[in-house]
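**Student:** sequence first, predicted model second:
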Amino acid sequence: MDAASNPFEPGAGNQPPELAGRDEVREKVRIALERAKRGRSARGLILPGLRGVGKTVLLRQIGRDAAAAGGVVVTLEAPEQRSLPALLIPQLRVALLQLSRVAAAKEHAERAMRVLTGFTRALRVKYQDIEVSLSGEAEEGFGDNGDLEQDLQTLLVQVGAAAAAARKPVLILIDELQYVKVTELGALLSASHRLSQEALPVMLIGAGLPQLLARMAKAKSYAERLFEYPRVDALPEEAARRALVKPAADEGAAFEEEALAEILRQTRGYPYFLQEWGKHAWDFAERSPITLDDVVAASAAAVLALDEGFFRVRLDRVTPMERRYLRAMAELGEGPHRSGDVAEQMNRSLESLGSTRDKLIRKGMIWSPAYAEIAFTVPMFDRYLKRVIPDAEADEEP
């Protein structure tokens with residue numbers, strides 16, 4: 001098999017050769033954008049899911065779909081240490097420049113740009129990570145009070161007016177939305193609510209870890225009514241098969257049925273893992289079709305690649321105490337687990353581990369699917385921890 005023709009693309013956010021199993025979400029966005037373009041209210045989407053299920057890939061594809069349909073796309077990734085205004089301002093400026101090229105929207109877009117200028121100047125003192133400096137005249141008294149919730153509403157309403165005049169919906173895509181601070185998230189939700197009430201064509205599509213839902217509810221009690229929440233999860237069997245079979249067929253290759261079954265068993269349909277196994281099975285196979293023996297031989301390389309490139313980067317972010325907590329969770333199995341059972345596994349009191357648990361949630365390592373329960377945000381992380389820390393007591397401090 002020619003390695004240069006290998007179609008499989010494991011990597012953080014890499015576009016797979018076949019985006020299988022996500023048509024329903026893409027169709028929801030298409031319908032919502034078309035409604036927004038016609039001046040009708042449309043709910044945005046929030047895409048919760050574990051690591052490795054393809055949220056980033058799906059979000060980027062949604063952006064490409066929207067741009068191809070004539071929309072204006074604002075794409076953000078929310079790192080842990082950046083403020084929402086710092087991320088939004090430069091991207092909204094670009095969006096307004098695009099809208100200003102439409103003659104019918106030019107006046108509205110120019111006014112929105114003046115509001116953005118005032119918004120930026122008013123918030124630079126409060127949010128010192130705002131790097132962009134906008135010159136020109138500000139629209140005095142609009143979006144320049146220094147209160148993020150009020151000002152963001154005013155700003156996005158002006159952006160919406162320009163989008164409506166241009167008949168070009170604006171789509172704001174935010175990845176890793178769980179890292180946006182609750183107060184800033186509340187301001188964004190408040191602005192989304194106002195846009196929906198006024199049927200303006202500005203929509204938010206966000207993606208994040210499962211704990212995002214609890215953060216949104218904490219930020220605004222009405223958050224659940226503002227959006228649709230299609231969960232991004234492992235692929236069903238038919239879609240997982242297509243993610244492997246079609247890219248191989250496009251290169252003139254095939255998988256034997258037993259080989260496919262083994263990859264599906266090993267990966268459980270998680271998109272990132274499918275790409276990793278597909279890549280290594282292709283490289284190990286001497287010829288088509290790829291056989292069960294090829295997959296078995298490739299599995300060790302696939303596991304090693306996941307350990308070094310997908311799992312370890314997350315374990316490297318935790319303290320020794322947090323590491324012990326995660327290993328205790330792994331000893332109990334895949335989960336979810338009761339917090340009390342983890343404490344018992346560590347021979348510690350539940351109260352003494354509360355801070356460790358909270359820090360791991362903030363770091364995106366675990367989440368709470370129900371009261372007093374915790375689970376890994378990374379699929380199969382329990383197996384990885386058992387591989388790299390075979391003895392549950394091996395990582396204890398002396």
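**Tutor:** That came in fine, so what should we check first?
**Student:** can I assume A112 is in contact with L155?
**Tutor:** Yes - counting by CB atoms under 8 Å, L155 is a contact partner of A112 at 7.3 Å. In this view, the C-beta of every residue, glycine as well, is placed from N, C-alpha and C.
**Student:** these two: who's more crowded?
**Tutor:** More crowded of A112 and L155, by other CB atoms under 10 Å: A112, with 31 against 25.
**Student:** ok, now which ones touch the more buried one?
**Tutor:** Residues counted as contacts of A112 (CB atoms under 8 Å, 6 or more residues apart in numbering) are L96, L99, L155, Q158, V159, A161, A162.
**Student:** got any ranges where the stretch 251-398 of the chain has weak pLDDT?
**Tutor:** Counting by pLDDT under 70, the stretch 251-398 of the chain contains low-confidence residues at 392-398.
**Student:** ok, which stretches of it are helices?
**Tutor:** 257-267, 271-284, 292-306, 312-315, 320-332, 339-345, 354-362, 381-388 (DSSP state H, counting those that start in this stretch).
**Student:** so which elements touch the fourth one?
**Tutor:** Contacts of helix 312-315 with other secondary structure elements, assessed using 3 or more CB pairs under 8 Å, 6 or more residues apart in numbering; DSSP states H and E, are made with helix 381-388.
**Student:** residues making contact with the helix it packs on?
**Tutor:** By CB under 8 Å, 6+ apart, the residues outside helix 381-388 that reach it are 303, 306-307, 311-312, 314-315, 326-327, 329-331, 333-335, 376, 378.
**Student:** derive a ChimeraX selection command for the buried subset of the residues you listed.
**Tutor:** Command for ChimeraX that selects the buried part of the contacts of helix 381-388, burial taken from 16 or more other CB atoms under 10 Å:
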select :303,306,311,314,315,326,327,329,330,331,335,376,378
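**Student:** send me stretch 2-17 as PDB with only the CA atoms.
**Tutor:** Output of stretch 2-17 as PDB, limited to C-alpha atoms (Å, rounded to 0.1, in the frame of the first residue of the first chain):
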ATOM      1  CA  ASP A   2       1.300   3.400  -1.000                       C
ATOM      2  CA  ALA A   3       1.800   5.500   2.200                       C
ATOM      3  CA  ALA A   4       1.600   8.700   0.200                       C
ATOM      4  CA  SER A   5      -1.900   7.800  -0.800                       C
ATOM      5  CA  ASN A   6      -3.000   7.000   2.700                       C
ATOM      6  CA  PRO A   7      -6.300   9.000   3.000                       C
ATOM      7  CA  PHE A   8      -6.700   8.900   6.800                       C
ATOM      8  CA  GLU A   9      -5.900  12.100   8.700                       C
ATOM      9  CA  PRO A  10      -5.500  11.800  12.500                       C
ATOM     10  CA  GLY A  11      -4.700  15.100  14.100                       C
ATOM     11  CA  ALA A  12      -6.300  17.800  16.300                       C
ATOM     12  CA  GLY A  13      -9.100  19.300  14.200                       C
ATOM     13  CA  ASN A  14      -7.900  17.700  11.000                       C
ATOM     14  CA  GLN A  15     -10.700  17.400   8.400                       C
ATOM     15  CA  PRO A  16     -11.300  13.700   7.800                       C
ATOM     16  CA  PRO A  17     -11.700  12.500   4.200                       C
END
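**Student:** which positions in that stretch come out as buried?
**Tutor:** Neighbour-count burial for stretch 2-17 flags N6, P7, F8, P10, P16, P17 (criterion: 16+ other CB under 10 Å).
**Student:** on the three-state scheme, K218 is what?
**Tutor:** Here K218 is recorded as helix under DSSP: H, G, I helix; E, B strand; the rest coil.
**Student:** again but with I205, I slipped
**Tutor:** Assigned by three-state DSSP, the conformation of I205 is strand.
**Student:** and D65, how many residues sit next to it?
**Tutor:** D65: 17 neighbours (other CB under 10 Å).
**Student:** by contact count, what packs against the helix or strand encompassing it?
**Tutor:** Using DSSP states H and E, the element containing D65 is helix 55-68. Judged by 3+ CB pairs under 8 Å, 6+ apart, the packing partners of helix 55-68 are helix 23-37, strand 44-48, strand 72-77, strand 170-175, strand 202-208.
**Student:** distance to T183 and mean neighbour count added to these, as JSON lines?
**Tutor:** Converted to JSON lines, the helices and strands packed on helix 55-68 look like this (distance: least, CB to CB, whole Å; neighbours: other CB atoms under 10 Å):
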{"stretch": "helix 23-37", "distance to T183": "27", "mean neighbour count": "17"}
{"stretch": "strand 44-48", "distance to T183": "18", "mean neighbour count": "23"}
{"stretch": "strand 72-77", "distance to T183": "17", "mean neighbour count": "20"}
{"stretch": "strand 170-175", "distance to T183": "16", "mean neighbour count": "26"}
{"stretch": "strand 202-208", "distance to T183": "16", "mean neighbour count": "26"}
